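Asker: structure for the following, please:
(5 chains)
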Amino acid sequence: MAKHKIVSPRSQKAGLPPGSLVYIGDKPVQRVRITVLDYDEQKLEEREVKTVEECFRYKQTPTVSWINVVGLHPKVIQTLGEHYGIHPLIQEDILNTDQRPKLEEFESYLYIVFKRLAINGSAGQITSEQISLIVGDTFLLSFQESLGTVFNSVRERLRGGAGRMRKMDTDYLAYSLLDATVDHYFTAMEEVGEEIGILEEQLLKHPTPKTSSAIHRLKREMIFLRKAIWPLREVIGGLIRSESRLVKAQTRTYLRDVYDHIVQLIDTVETFRDLLSGMLDVYLSAMSNRLNEVIKVLTIITTIFIPLTFIAGIYGMNFEYMPELGHPFGYPGVLIVMAAVGLGMVAFFKKKKWM
Amino acid sequence: MAKHKIVSPRSQKAGLPPGSLVYIGDKPVQRVRITVLDYDEQKLEEREVKTVEECFRYKQTPTVSWINVVGLHPKVIQTLGEHYGIHPLIQEDILNTDQRPKLEEFESYLYIVFKRLAINGSAGQITSEQISLIVGDTFLLSFQESLGTVFNSVRERLRGGAGRMRKMDTDYLAYSLLDATVDHYFTAMEEVGEEIGILEEQLLKHPTPKTSSAIHRLKREMIFLRKAIWPLREVIGGLIRSESRLVKAQTRTYLRDVYDHIVQLIDTVETFRDLLSGMLDVYLSAMSNRLNEVIKVLTIITTIFIPLTFIAGIYGMNFEYMPELGHPFGYPGVLIVMAAVGLGMVAFFKKKKWM
Amino acid sequence: MAKHKIVSPRSQKAGLPPGSLVYIGDKPVQRVRITVLDYDEQKLEEREVKTVEECFRYKQTPTVSWINVVGLHPKVIQTLGEHYGIHPLIQEDILNTDQRPKLEEFESYLYIVFKRLAINGSAGQITSEQISLIVGDTFLLSFQESLGTVFNSVRERLRGGAGRMRKMDTDYLAYSLLDATVDHYFTAMEEVGEEIGILEEQLLKHPTPKTSSAIHRLKREMIFLRKAIWPLREVIGGLIRSESRLVKAQTRTYLRDVYDHIVQLIDTVETFRDLLSGMLDVYLSAMSNRLNEVIKVLTIITTIFIPLTFIAGIYGMNFEYMPELGHPFGYPGVLIVMAAVGLGMVAFFKKKKWM
Amino acid sequence: MAKHKIVSPRSQKAGLPPGSLVYIGDKPVQRVRITVLDYDEQKLEEREVKTVEECFRYKQTPTVSWINVVGLHPKVIQTLGEHYGIHPLIQEDILNTDQRPKLEEFESYLYIVFKRLAINGSAGQITSEQISLIVGDTFLLSFQESLGTVFNSVRERLRGGAGRMRKMDTDYLAYSLLDATVDHYFTAMEEVGEEIGILEEQLLKHPTPKTSSAIHRLKREMIFLRKAIWPLREVIGGLIRSESRLVKAQTRTYLRDVYDHIVQLIDTVETFRDLLSGMLDVYLSAMSNRLNEVIKVLTIITTIFIPLTFIAGIYGMNFEYMPELGHPFGYPGVLIVMAAVGLGMVAFFKKKKWM
Amino acid sequence: MAKHKIVSPRSQKAGLPPGSLVYIGDKPVQRVRITVLDYDEQKLEEREVKTVEECFRYKQTPTVSWINVVGLHPKVIQTLGEHYGIHPLIQEDILNTDQRPKLEEFESYLYIVFKRLAINGSAGQITSEQISLIVGDTFLLSFQESLGTVFNSVRERLRGGAGRMRKMDTDYLAYSLLDATVDHYFTAMEEVGEEIGILEEQLLKHPTPKTSSAIHRLKREMIFLRKAIWPLREVIGGLIRSESRLVKAQTRTYLRDVYDHIVQLIDTVETFRDLLSGMLDVYLSAMSNRLNEVIKVLTIITTIFIPLTFIAGIYGMNFEYMPELGHPFGYPGVLIVMAAVGLGMVAFFKKKKWM
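Answerer: Coordinates of the predicted model:
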């Protein structure tokens, strides 16, 4: 289902001075797309810019300016970072897509980094990508590795303009982006939940090695989902407790709501882990039961017929003096003895409750 | 026994603005039933209202008004929520039945959400449903997914009017509802406890694959019970420590009592988990012992008779020159050799303590 | 060894108002025995009272009055509770024998509830019973489910009168009762320790399924012992840190001593759990080794004789034209071939280190 | 390697008043040996005393007096304890050799109790014994169960007199004794480490049931080492943080050094536990692999020869009308069929990668 | 891959006074190499000194002096330590290469000890060595066990002189050395990550005992990596929170960056542990599936042919009166019976889903 980078190649960076801008990730940056959404309660301007420099003028405007950068290119990030006063170490973090979700507070802006999940088409493959937010006074810079649909709903609501969003500041915009991301986590969880349900049924009816490898695969998924979700709780918790003037009081209520959702997600991830562990135990029990059954059949058949074959073997010997052979009741007598031995064995197995 | 939603379909909500009222759960809302219990020490009025608007007038009355809504309908909750000044995010939470038990304190009301368990009929199926309480100054709104019997005892005591209840405020009513719910948890635990007892006896006498799958099922149950009970402790703890004027000092003693009960429940859940894990180990040991025994029988029979059959086979060969065949003591001699080999094998097994 | 209630039937209480006095336990209350020990440094009065009311007058006396109630009867507890000013919820707790050990502090008294263990006769059966203490200014009420010997030593020392006890207050008496109880835990632990020692020896010499079920039984025991002992630490810790005027400074030194003993007990319980887990692993290894050995014997015998039997079978066929049969060296030749095959197999097994 | 008391018989104490001096341990006290080392920077007096009373006069002297008592005898400890003002409960603790390492601070002295390990001779048997220190202003009492060599190095350094020791107070002496004890732990750990190394090699080359039981034995060792070392950390931590005037500032630096050593020991114990658990897994994998291999050989031989033997059996039947028997190519034909069946089976196993 | 000392022989130190300088490690010290890098913003002097005494004059200079000592020789460390005022216990710690990573703060310098990893050549063997830093006002002493390349990049940057480094103080130099070390951890992790990836593929395609022993080996690696990395977090955390004047405010931002990297490393180590545990489970499932399959084949072949062989055996008996033998349809009749029995068995296995 999902393909996660186990660890991205950071080694190319070993030895470089801190703040060196090197892209660490696995999406080749072909083209950087920058879109700007500049709005206040009355009006909204939306455009795609050709050069980074076109974004510069949005820094001063009192309207909220959301600059969304798709594709992580060192040059672009450096230019933008310098104009907007982003610390070089943060510029480095934006490029390093192996970040743990975290929040860093500066005097004039907040830096939030987290992962978005996306489900790709019919194969249900989950991919995870890094999103970085720079939340300033009147601007919000967002950096994504590739084009996704997670933020579309936020964009739609801004265009619609009816709701609360257009009246609020950058912190509410940041909240909306986080909320949209968390909603997508739930979608992934539901899919996993459904798959678990199907596997549980398989386990009860007819468990096969495929069932077990599907369980193992989901367990592996959970390891990565967990790694993405747990630190997000601290991030949102940090925003709620933050003393930065950038986080307004009325936004905190909404952040607390996201916080609750993340706690719920964590709960679900842990429940899934417990369920999957239990399912593996069920699978192993089933395998063990089946092995026992197979071996019981083997034992029963073998132990019934091997002594009988031995008796037949005795009277198949070619000794000249075997008095039984000439006796008229020899054959039926042996058959009776054989039946007795066979039935005795069956009785023994019945007593042992193996049959 | 129990059927739990692994995760409810929240995905339909992805992208909607916060505070969007969408029912997330699996009980189709056919009809909403609203009952009102309005009382003070002297009198008690009990009625079922037809429209939401009929509940509005209870907001002002100095008497305690308990408005119980069965069936989660967005429209009803919104109308009620707006009149009683409930925050839109809380309205959303009431509808989302996948909530983790939690407490939220507002200036003019408390929001408490938790799960009730119910045992359905003879199959002993446990179902869990969400209950939301809005505890205001003189009103308490309770929202349930479907009709249950958990609150009947509280209603009876209110009607009786003899005790403490009619003299107390909404916080005591909330306590009573929580207490009744926790009492029902105990009932479920007892049932599980009895089932564990029966399974333990089965394990000792004659463990079958059915025993093991019953243990696995109970383990799975425990995962969900745990998820419902653990956060409840924080909820009650939060109420006890709450600085809200809505929670009176004399009620805290009673809340502490519920708190103790929940700690006891958690203790029991953890004990059950430990017991069930131990039982699985016992089952696996039993299986392994039985396998060993089966294979021992197979080995004994096979290793005794296979060499004997081989000897018989030798004298069953049709070579013309086999001097033993013509010897008068050939046959008894071979029989004696066979007996010796067989007894030798038996002695070997006796020595190895396999027989 | 021990038989523990998995969970007591509390369901009969579901729906009753808080403070309802219902006995929850499994000892039928046939007769309540109340004894009073009233003492100060100079004199000691000891008597068994017939009616609860006879105890009332001890509330006022400046001497220390220890009223010991054996048998939990709702009526008795209510009468006593009302006279001595015990909160109804506490009266309820005394009757509910499924309590978790805990301490509750009130203005005029302390409530301590814990479990005592007792070893019954030769079968070494451990039973656990609940003991409740109400520690007031000049009185101490103790409630037990049935008659036990745990407190005898305390009684003896009081009667002797030589030591510190007769000069001290109720808190020291409470300490003495707790200390006597903890001493009895040690006795139970020693017995378990001895049994573990015997089982460890069995494991090394000749492990049988009985050994494994004894280990499982002890593991189960530990789950319940743990449940009884862990919370006791908090109880004693609470007493030490208590700001109640009822706990005097000089008693705290003694309580710290009990605290150390309980920590030691917890340590021992955890050590036992670790030992038992390790022993189960040893048992499983032993089983697995034995299975391997059995199957090796089966494999060796089968794979040596099956090819030989096949060769014999070939020359047992009745074809008319089988040139080997008429050859004078046919028989010894085949015997030599058989010996070669057999020895080859043995060599193969030797090489594989299976023999 | 090691033989640990699982739990010492404390039951003989059940019922005695607190402070009762009963020796709890397994070394019969035959003779008590008391040595005194009295020193300051200038001079050092060393002697063995005959009676306890001879030690009394060292209490007043301004020199540091180290009184070392080997053999725990209630009478001796009581006499000494009374003269030096040791609390009766502490006297009791000195005798009870089942203590958990702990520190207790009193106005005029500190009580430190811990375990020393010693490796006995060639069998490498580790034994653990209790050491109690009473650290006063100018005296240090040490109590040991039996004569050991752990403190010899401290004694040597005192006699040498060159270093820091003779200038320092009792707290530095206590530190030196603790340090020497911890150094001996390291010796034990190294021995265990070496044994683990040997076992790891055995596991890779030729694991036998002996390897597994050695691993189990070491795991068991670790349980007891852990129990001895973990609480020692708290003891030293307590000394460092202690506000007692008996612990001087310059000694704290040295104590911090011991603290670091203990943390390192704990780290090593935990690492050993992890290693041993991993080794058990390796052993079980190896056993499982070997079982698979054995069973594969059994299956291959059996399934090749059993059908062949059956074919031979058919033509060994004595029916009068079996046309194949008279056919001149019957015998070679059957041999060819048999070869084909045998090779077919081999091909099947090759395809399954079992051969 | 890696070879770790399980525990270094500290026993040679048992009994020595604290501060005794004995080298504890496994690299024989053949030659000590001391290099000095003395720099400020304007100029940089780099030289290798012949004797320790040549380093003395750098203590006074206002420039930053980095004295790097390769090879731990007691004499050298003592001479250097005495001149630079290093506490004897710290000198001891520098020599004891079994240290846990830690930070110690003194009035005039900081002591930091940690491990560096290095990957040796093609075999990918990871070795760990101890690095000690003494961070003073204008000097930084670093002690390594042997020559490595970890610090080369730092040296390069200093020589280049373009960046921030030459303007900063010793704390920034210490940060740079720590950062370079942590970067090398990432390189090791990537290598492990790649190996895990390869093993996961092997597990899916064709797991062999080699796969399992590779997993066990990596698990073992993780135990040691964990031991090296976890305490490093506390070290860096301690530096960030340090109140020493030696750690400047602007350096703390950079230290926080290293801190984040270490948290990421810890996350990765834990993820690897989880992955490896999961992989072992997958391996065991695969083994168990394969065993089941093998035994099924054995059972099927055996239970089909053993009864048939028995039938053939019956008609191979040499009784004189066996009417079937003379019957013209005897032979084909028996063949038909055999076919029926065989097909019946096959049908039975089909029904059981074993075929």
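Asker: all contacts plus neighbour counts: C-alpha atoms, from now on.
Answerer: Noted.
Asker: looking at chain A, which helix is longest?
Answerer: Identified as the longest helix of chain A according to DSSP state H is helix A:249-314.
Asker: which is the next helix or strand following it?
Answerer: helix A:323-326 (DSSP states H and E).
Asker: circling back to that earlier point, near chain C at all, the longest helix of chain A?
Answerer: No. Counting by C-alpha under 8 Å from any C-alpha of the partner chain, chain C has no neighbours in helix A:249-314; the shortest distance is 10.1 Å.
Asker: could you chop chain A up by domain?
Answerer: Split into domains by automatic domain parsing, chain A comes to A:16-285, A:292-351.
Asker: need the distance between the two termini of the first one.
Answerer: What it means is domain A:16-285. One end of domain A:16-285 to the other measures 53 Å (C-alpha to C-alpha, to the nearest Å).
Asker: for stretch A:232-252, same thing?
Answerer: End to end - C-alpha to C-alpha - stretch A:232-252 spans 16 Å.
Asker: could you pull out the strands for chain A?
Answerer: Ranges of strands within chain A are A:33-39, A:44-49, A:64-70, A:102-105, A:110-120, A:125-135, A:139-144, based on DSSP state E.
Asker: for chain B, find the nearest of those strands.
Answerer: strand A:110-120 (12.5 Å; C-alpha to the nearest C-alpha).
Asker: what's the angle from the closest one to strand A:139-144?
Answerer: Per axes from the mean of the first three to the mean of the last three C-alpha atoms, to 10 degrees, the angle that strand A:110-120 makes with strand A:139-144 is 40 degrees.
Asker: strand A:110-120 - contacts with which helices or strands?
Answerer: Here strand A:110-120 touches strand A:102-105, strand A:125-135, helix A:170-205, helix A:209-241, going by 3 or more C-alpha pairs under 8 Å, 6 or more residues apart in numbering or on different chains; DSSP states H and E.
Asker: now it, how far from the chain's geometric center?
Answerer: The chain centre lies 13 Å from the centre of strand A:110-120; the measure is C-alpha atoms, centre = their mean, to the nearest Å.
Asker: where does chain A have its least confident helix or strand?
Answerer: Lowest on mean pLDDT, DSSP states H and E among the helices and strands of chain A sits helix A:323-326, with a mean of 82.
Asker: still on that earlier bit, show me what the longest helix of chain A is packed against.
Answerer: So helix A:249-314, by 3+ C-alpha pairs under 8 Å, 6+ apart, packs with helix A:170-205, helix A:209-241, helix A:330-351, helix B:209-241, helix B:249-314, helix E:249-314.
Asker: reformat the strands of chain A as TSV; add mean neighbour count.
Answerer: Output for those, formatted as TSV (neighbours: other C-alpha atoms under 10 Å in any protein chain shown):
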stretch	mean neighbour count
strand A:33-39	20
strand A:44-49	14
strand A:64-70	23
strand A:102-105	18
strand A:110-120	21
strand A:125-135	21
strand A:139-144	23
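Asker: can you redo these as a markdown table with distance to residue B:149 and mean pLDDT?
Answerer: A markdown table is the format used below for the strands of chain A (distance: least, C-alpha to C-alpha, whole Å; pLDDT from 0 to 100):
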| stretch | distance to residue B:149 | mean pLDDT |
| --- | --- | --- |
| strand A:33-39 | 53 | 92 |
| strand A:44-49 | 54 | 89 |
| strand A:64-70 | 53 | 92 |
| strand A:102-105 | 47 | 92 |
| strand A:110-120 | 42 | 84 |
| strand A:125-135 | 43 | 85 |
| strand A:139-144 | 52 | 93 |
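Asker: returning to what we had before: tell me which of the helices and strands packed on strand A:110-120 sits nearest to chain B.
Answerer: With C-alpha to the nearest C-alpha as the criterion, chain B lies closest to helix A:170-205 of the helices and strands packed on strand A:110-120, at 5.0 Å.
Asker: can that closest one be found next to chain E?
Answerer: No. Helix A:170-205 does not reach chain E (C-alpha under 8 Å from any C-alpha); its nearest approach is 12.4 Å.
Asker: just want the angle from that helix to helix A:209-241.
Answerer: 160 degrees.
Asker: same for helix A:170-205, what does it pack against?
Answerer: strand A:110-120, strand A:125-135, strand A:139-144, helix A:152-160, helix A:209-241, helix A:249-314.
Asker: any low-confidence regions in chain A?
Answerer: A:1-15, A:26-30, A:118-126, A:162 (pLDDT under 70).
Asker: which single residue in it comes nearest to chain B?
Answerer: Closest point on chain A to chain B, by C-alpha to the nearest C-alpha, is residue A:317, at 3.9 Å.
Asker: what's the neighbour count on residue A:107?
Answerer: 9 (other C-alpha atoms under 10 Å in any protein chain shown).
Asker: report the contact partners of the closest residue to chain D within the stretch 101-250 of chain A.
Answerer: For the stretch 101-250 of chain A and chain D, the shortest gap (C-alpha to the nearest C-alpha) falls at residue A:209, measuring 16.3 Å. Residues near residue A:209 by C-alpha atoms under 8 Å, 6 or more residues apart in numbering or on different chains: E:286, E:289.
Asker: and it, how far from residue C:265?
Answerer: Look at residue A:209 and residue C:265: by C-alpha to C-alpha, they are 46 Å apart.
Asker: also residue A:88?
Answerer: 56 Å.
Asker: which one of the two is surrounded by more residues?
Answerer: Neighbours per residue (other C-alpha under 10 Å) separate residue A:88 from residue C:265, with residue C:265 holding more: 23 against 17.
Asker: taking the stretch 51-200 of chain A, what residue is nearest to chain E?
Answerer: residue A:100 (6.2 Å).
Asker: coming back round to it: reformat the domains of chain A as CSV; add distance to residue C:303.
Answerer: Shown next, in CSV, are the domains of chain A (distance: least, C-alpha to C-alpha, whole Å):
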stretch, distance to residue C:303
domain A:16-285, 30
domain A:292-351, 15
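Asker: quick one, which of those gets closest to residue E:53.
Answerer: domain A:16-285 (32.8 Å; C-alpha to C-alpha).
Asker: about what we covered before: and of the strands of chain A, who's closest to residue E:36?
Answerer: Checking the strands of chain A against residue E:36 by C-alpha to C-alpha gives strand A:102-105 as the closest, at 37.6 Å.
Asker: what's the nearest residue to residue A:95 once chain neighbours are set aside sitting at in phi/psi?
Answerer: Spatial nearest neighbour of residue A:95, chain neighbours left out: residue A:23 (4.8 Å); criterion: C-alpha to C-alpha, 6 or more residues apart in numbering or on different chains. Backbone torsions of residue A:23, given as degrees, to the nearest 10, read phi -80, psi 120.
Asker: what's the neighbour count on residue A:23?
Answerer: Residues lying near residue A:23 (other C-alpha under 10 Å) number 22.
Asker: ok, it touching residue A:74?
Answerer: Yes. When contacts are counted by C-alpha atoms under 8 Å, residue A:23 is listed as touching residue A:74 (6.6 Å).
Asker: mutual contacts of these two, please.
Answerer: residue A:95.
Asker: ok so, going back, looking at the strands of chain A, spot the one closest to residue D:112.
Answerer: strand A:102-105 (45.3 Å).
Asker: which strands and helices sit next to that closest one?
Answerer: With contacts taken as 3+ C-alpha pairs under 8 Å, 6+ apart, strand A:102-105 sits against strand A:110-120, helix A:209-241.
Asker: dump the ones you listed to CSV, plus distance to residue B:39.
Answerer: Output for those, formatted as CSV (distance: least, C-alpha to C-alpha, whole Å):
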stretch, distance to residue B:39
strand A:110-120, 52
helix A:209-241, 40
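Asker: so which of the ones you listed is the most packed in?
Answerer: Ranked by mean neighbour count, the helices and strands packed on strand A:102-105 are led by strand A:110-120 with a mean of 21 (mean count of other C-alpha atoms under 10 Å in any protein chain shown).
Asker: could I get it in PDB with only the CA atoms?
Answerer: Listed next in PDB are the C-alpha coordinates belonging to strand A:110-120 (Å, rounded to 0.1, in the frame of the first residue of the first chain):
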ATOM      1  CA  LEU A 110       6.800  30.800  13.000                       C
ATOM      2  CA  TYR A 111       8.200  27.800  11.200                       C
ATOM      3  CA  ILE A 112       5.900  24.700  11.100                       C
ATOM      4  CA  VAL A 113       6.900  21.500   9.400                       C
ATOM      5  CA  PHE A 114       4.800  18.400   9.000                       C
ATOM      6  CA  LYS A 115       3.900  15.600   6.700                       C
ATOM      7  CA  ARG A 116       0.900  15.200   4.400                       C
ATOM      8  CA  LEU A 117      -0.300  11.800   3.300                       C
ATOM      9  CA  ALA A 118      -1.900  11.200   0.000                       C
ATOM     10  CA  ILE A 119      -3.600   8.100  -1.400                       C
ATOM     11  CA  ASN A 120      -2.600   7.500  -5.000                       C
END
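Asker: many thanks, have a good one.
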